[in-house]
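Visitor: Build me a structure from this.
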Amino acid sequence: MTMSTTIGEEQRSLSFEEVGPAQRGSRSDEVVLAISPAFADFFSKTIVDTPHAEVIRQILAGIEEQEVTARCIRVWHSADLAVLAHTAAKLSGSGIGIGILSRGTAMIHQRDLPRLSSLELFPQCPLLTLDTYRSIGANAAQYAKGESPEPVPTLNDQMARPRWQAKAALLHLKETEQIRKGSKPVEVTPKFTVAAAV
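Guide: Below you'll find the predicted structure:
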């Protein structure tokens, strides 16, 4: 499925092409990005209407700027952020993975950490900007290189949770409806297309 978004006079579309079962990577210089069941499929934007196409573009750009390889998988069997991120880390040749939910919540994980622990957690998705997503990619890549980057700076708003809680709950419900129980993670390739807006 292809999701489109209009940016200025251009329309950017993102689709994920399924390659096959997700395998453990052999490259020590890679970061695996795990997307949730509904990401850029049932949903096309985060909780604050940031286009998924731009979110993925920024995360991948952050990884590539550090001269690290990025690989994407879709996790079908869960919409739990820790499961996504830990699955990505376990399949990554470097042991570093990123998980992201449709609403925009993200996590950087490491293979040998317990599932509910992580290197960095970004729970307040309404406050995450495209610059933040780019920095998430860059930090994950630095961890993959064995470096210890400063945590990605994020905004903090004590009122964000109560303000967005109802919408977040609805988005989570819709996300979980897309789960395919028993399905294994699949490797996917992001396809970006840009065309003039009609």
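Visitor: show me the contacts for Asp112.
Guide: Gly95 (C-beta atoms under 8 Å, 6 or more residues apart in numbering). No exception for glycine: its C-beta is placed from N, CA and C like everyone else's.
Visitor: now it: how far from Ile63?
Guide: Counting by C-beta to C-beta, to the nearest Å, the separation of Asp112 from Ile63 is 20 Å.
Visitor: which parts of the longest helix seen in the chain are buried?
Guide: Secondary structure assigned by DSSP state H gives helix 160-176 as the longest helix of the chain. Buried residues in helix 160-176, counted by 16 or more other C-beta atoms under 10 Å: Ala160, Trp164, Ala168, Leu171, His172, Lys174, Glu175.
Visitor: Check those and tell me the two furthest apart.
Guide: Ala160 and Lys174 (20.2 Å; C-beta to C-beta).
Visitor: partners of Leu14 in the sheet?
Guide: Beta-bridge pairing for Leu14 (DSSP bridges): Met3, Phe192.
Visitor: Please work out how many residues are found near it.
Guide: 24 (other C-beta atoms under 10 Å).
Visitor: Was I right to think it contacts Ala40?
Guide: Yes. Applying C-beta atoms under 8 Å, one finds Leu14 in contact with Ala40, separated by 5.0 Å.
Visitor: What residues does the residue nearest the centre of the chain make contact with?
Guide: In the chain, the centroid-proximal residue (C-alpha atoms, centre = their mean) is Ile100; its distance is 3.1 Å. Listed by C-beta under 8 Å, 6+ apart, the contact partners of Ile100 are Leu33, Ala34, Ile35, Ser36, Phe39, Val55, Ile59, Leu81, Leu84, Ala106, Met107.
Visitor: separation between Leu171 and Phe43?
Guide: 7 Å.
Visitor: and what of Gly146?
Guide: Taken as C-beta to C-beta, the span from Gly146 to Phe43 is 35 Å.
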